[in-house]
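Student: Return a 3D structure for these sequence lines:
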Amino acid sequence: MTLVDMHIFGKEARVQSPIVSRIVGLNTSQQNLRSLIVRTRPYSEKDIEDILRIRATEESVNLEADAIAILTKLAGQTSLRYAMQLISTGNVLRERRRGDQVELNRYFI
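Tutor: Got it, this is the predicted structure:
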């Protein structure tokens, strides 16, 4: 085990763990551990739905009723970035066709 001095949120801590050096990818003599290691988790379906709803609201896009559900499913199969790009692309197509709302079934599916 390696003892490592860490500064987190202005406080010193002495950590004894081999995990720290594996996470950062450097041996402890090369590390400058003034960075914060944050464990992340994948987005849940509810998180994805909320993100897509916020994105559509921020871009002032009026989506059809089941569009968020379709985009949420699509984001789970592909990526969240792809689903958000479909919101923007769908809005451009809606403007060109002078429609009232983005219809995913008509444009993409």
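Student: switch to C-alpha atoms for all contacts and neighbour counts from now on
Tutor: Fine.
Student: the domain parsing of the chain - what is it?
Tutor: Split into domains by automatic domain parsing, the chain comes to 1-40, 45-107.
Student: just checking, which of those comes out with the lowest mean pLDDT?
Tutor: Out of the domains of the chain, domain 1-40 stands lowest, with a mean of 56 (criterion: mean pLDDT).
Student: Dump the helix ranked longest in the chain to PDB, restricted to CA.
Tutor: For the chain, the helix with the greatest residue count under DSSP state H is helix 80-96. Provided in PDB are the C-alpha atoms of helix 80-96 (Å, rounded to 0.1, in the frame of the first residue of the first chain):
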ATOM      1  CA  LEU A  80     -27.700  11.100 -25.600                       C
ATOM      2  CA  ARG A  81     -25.800  13.400 -27.900                       C
ATOM      3  CA  TYR A  82     -27.500  11.800 -30.900                       C
ATOM      4  CA  ALA A  83     -31.000  12.200 -29.400                       C
ATOM      5  CA  MET A  84     -30.300  15.900 -28.600                       C
ATOM      6  CA  GLN A  85     -29.100  16.500 -32.200                       C
ATOM      7  CA  LEU A  86     -32.400  15.000 -33.500                       C
ATOM      8  CA  ILE A  87     -34.200  17.700 -31.500                       C
ATOM      9  CA  SER A  88     -32.300  20.400 -33.400                       C
ATOM     10  CA  THR A  89     -32.500  18.700 -36.800                       C
ATOM     11  CA  GLY A  90     -36.200  18.100 -36.300                       C
ATOM     12  CA  ASN A  91     -36.800  21.700 -35.500                       C
ATOM     13  CA  VAL A  92     -35.000  22.800 -38.700                       C
ATOM     14  CA  LEU A  93     -37.200  20.400 -40.800                       C
ATOM     15  CA  ARG A  94     -40.300  21.700 -39.000                       C
ATOM     16  CA  GLU A  95     -39.400  25.300 -39.900                       C
ATOM     17  CA  ARG A  96     -38.800  24.400 -43.500                       C
END
